[in-house]
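Q: The sequence isn't on hand, but the structure is:
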């Protein structure tokens, strides 16, 4: 009887069962730092689909303010985080260029939410991602990526510029720093869990 009572007190998963998998998207404009963020968080070698700019791509992709950028993501970035043996997070970085937006529907299928990484130098580049998640009812947060030597606008200023609902969290984020990126993921998970049950259906 004591053993049965102990078993009931620890309603964990079966040791042989598969871990729970959680899918999180990393979105934002071209050059916002999505690949860097996924690389800062993943516990495995990240899958990257970066290619060198071609002459054709350079004519299409808007690189103003990103003169040092030499590569572009042509499909997605992928990373994996094992939170504990029963929970694994899969990160999918979505391509930011318009010519790859056709991939977004497939990448977002099954995701619990998204981190929209905002380059404060090019806030308008966030609009397509924000619109996409709002229209599909996918919860998201805005992570304000910080760049050295760039003025950091206040949260209220960014919220007004992006016309984002007051209930959408905004957090500072340095895509190069593991702890900062981790805090952004935690903010997203908290936001998802706080949503009313009806809104998450």
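A: Good, I have the coordinates. Values in this document were obtained by computation on a predicted structure and should not be read as measured data.
Q: what lines up beside the strand or helix carrying residue 115 in the sheet?
A: Element membership of residue 115, judged by DSSP states H and E, is strand 113-119. Strand 113-119 sits in its sheet next to strand 20-28 (parallel), strand 140-145 (parallel), going by DSSP bridges.
Q: Strands of this protein, start to end?
A: 20-28, 47-52, 71-84, 87-93, 113-119, 140-145, 170-173 (DSSP state E).
Q: Comparing the ones you listed, which yields the minimum mean pLDDT?
A: The weakest mean pLDDT among those belongs to strand 47-52, with a mean of 59.
Q: measure residue 28 to residue 171 for me?
A: From residue 28 across to residue 171, the span is 14 Å (Cβ to Cβ, to the nearest Å). To be clear about C-beta, it is placed using only N, CA and C from the backbone, and glycine gets the same treatment.
Q: ok, the two, which is more surrounded?
A: Taking neighbours as other Cβ atoms under 10 Å, residue 28 and residue 171 compare with residue 28 leading, 29 against 17.
Q: who's the closest residue to residue 82 other than its chain neighbours bridged to?
A: Spatially, and ignoring its direct neighbours in sequence, residue 82 is nearest to residue 88 (5.3 Å; Cβ to Cβ, 6 or more residues apart in numbering). When assigned by DSSP bridges, residue 88 has beta-bridge partners residue 21, residue 82.
Q: Could you report the pLDDT at residue 2?
A: For residue 2, the pLDDT comes out at 44.
Q: 52 is where my numbering starts, stick with that
A: That works, and once the first residue is 52, the last one we named lands at residue 53.
Q: Start and end of stretch 147-167, how far apart?
A: 11 Å (Cα to Cα, to the nearest Å).
Q: burial measure for residue 171, as a count.
A: Number of residues near residue 171 (other Cβ under 10 Å) recorded here: 19.
Q: Surely it and residue 206 touch.
A: No. The pair residue 171 / residue 206 is not scored as a contact, 10.9 Å apart, by Cβ atoms under 8 Å.
Q: any shared contact partners between the two?
A: Residues touching both residue 171 and residue 206 (Cβ atoms under 8 Å, 6 or more residues apart in numbering) are residue 195.
Q: Residue ranges in the chain under the pLDDT threshold?
A: Along the chain, segments meeting pLDDT under 70 span 52-67, 99-126, 248-252.
Q: Mind naming the longest helix for it?
A: Using DSSP state H to define each element, the chain has its longest helix at helix 229-245.
Q: Run through who's touching it.
A: Residues outside helix 229-245 that contact it (Cβ under 8 Å, 6+ apart) are 75, 88, 91-92, 140, 163-166, 190-192, 194, 219-220, 222-226, 251.
Q: Filter those residues down to the buried ones.
A: For the contacts of helix 229-245, a burial check counting by 16 or more other Cβ atoms under 10 Å picks out 75, 88, 91-92, 140, 163-166, 190-192, 194, 219-220, 222, 224-226.
Q: Tell me which residues touch residue 226, please.
A: Per Cβ under 8 Å, 6+ apart, neighbours of residue 226: 84, 85, 87, 88, 91, 168, 196, 232.
Q: do residue 132 as well
A: 92, 93, 94, 139, 140, 142.
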